[in-house]
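Participant: what's the 3D shape of this:
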Amino acid sequence: MIDPTITLQTAVRKTLIESPEVLALVDADSIRTGPTRPDNFPSVILANPQTMNLGRAAGGQYCTRVFLDLHIWAMDAGANLAQNIGAVLTHVLWDAPTPDGAIFVDYTRPSFRYIRDPDPDKSYAHGVGTVEAAILWRP
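Facilitator: Numbering: from 1, shown residues only. Okay, the predicted model is just below:
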């Protein structure tokens, strides 16, 4: 593994697209990584990873804390849909996702905040959540 952020992104996305509760609200193709501007509504975009390198661990491993933003985009007459999606994501990500080829030694459940579009002619609702994990990995 070259970048532990990809490990967290992959594990979170896999967990979300395997959840019937999430897929009841958001299409699997609309759960993606990349730029935070949505292509479709509703969507969940995994973006803005941040790393904090904590040091070396036993057996030649590295330990890195990774922060990952989950952007929820919805279009409705209120913020209810975005908040409902956030509640489902929180429930689905309550326990740490299972990473491939790495170990999560610490995991923090997502927390969300919600923002309405300031333009009264638009009905976009945007939620931003952050999930974090301390990951043991090998380069």
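Participant: need the contact list for Ser19.
Facilitator: Listed by C-beta atoms under 8 Å, 6 or more residues apart in numbering, the contact set of Ser19 reads Val88, Val92. Just so you know, the C-beta spots here come from the backbone N, C-alpha and C atoms, and that holds for glycine as well.
Participant: Give me the three-state assignment for the residue of the chain most remote from its centre.
Facilitator: In terms of distance from the mean C-alpha position of the chain, Gly59 ranks first, at 29.2 Å (C-alpha atoms, centre = their mean). Under DSSP: H, G, I helix; E, B strand; the rest coil, Gly59 falls in the helix class.
Participant: Could you list the low-pLDDT ranges of this structure?
Facilitator: 1, 77-79 (pLDDT under 70).
Participant: Just the helices from it, written as ranges.
Facilitator: 4-17, 20-23, 80-92 (DSSP state H).
Participant: Need those in JSON lines (columns: mean neighbour count and distance to Gly55).
Facilitator: Below are those laid out as JSON lines (neighbours: other C-beta atoms under 10 Å; distance: least, C-beta to C-beta, whole Å):
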{"stretch": "helix 4-17", "mean neighbour count": "20", "distance to Gly55": "13"}
{"stretch": "helix 20-23", "mean neighbour count": "14", "distance to Gly55": "35"}
{"stretch": "helix 80-92", "mean neighbour count": "19", "distance to Gly55": "30"}
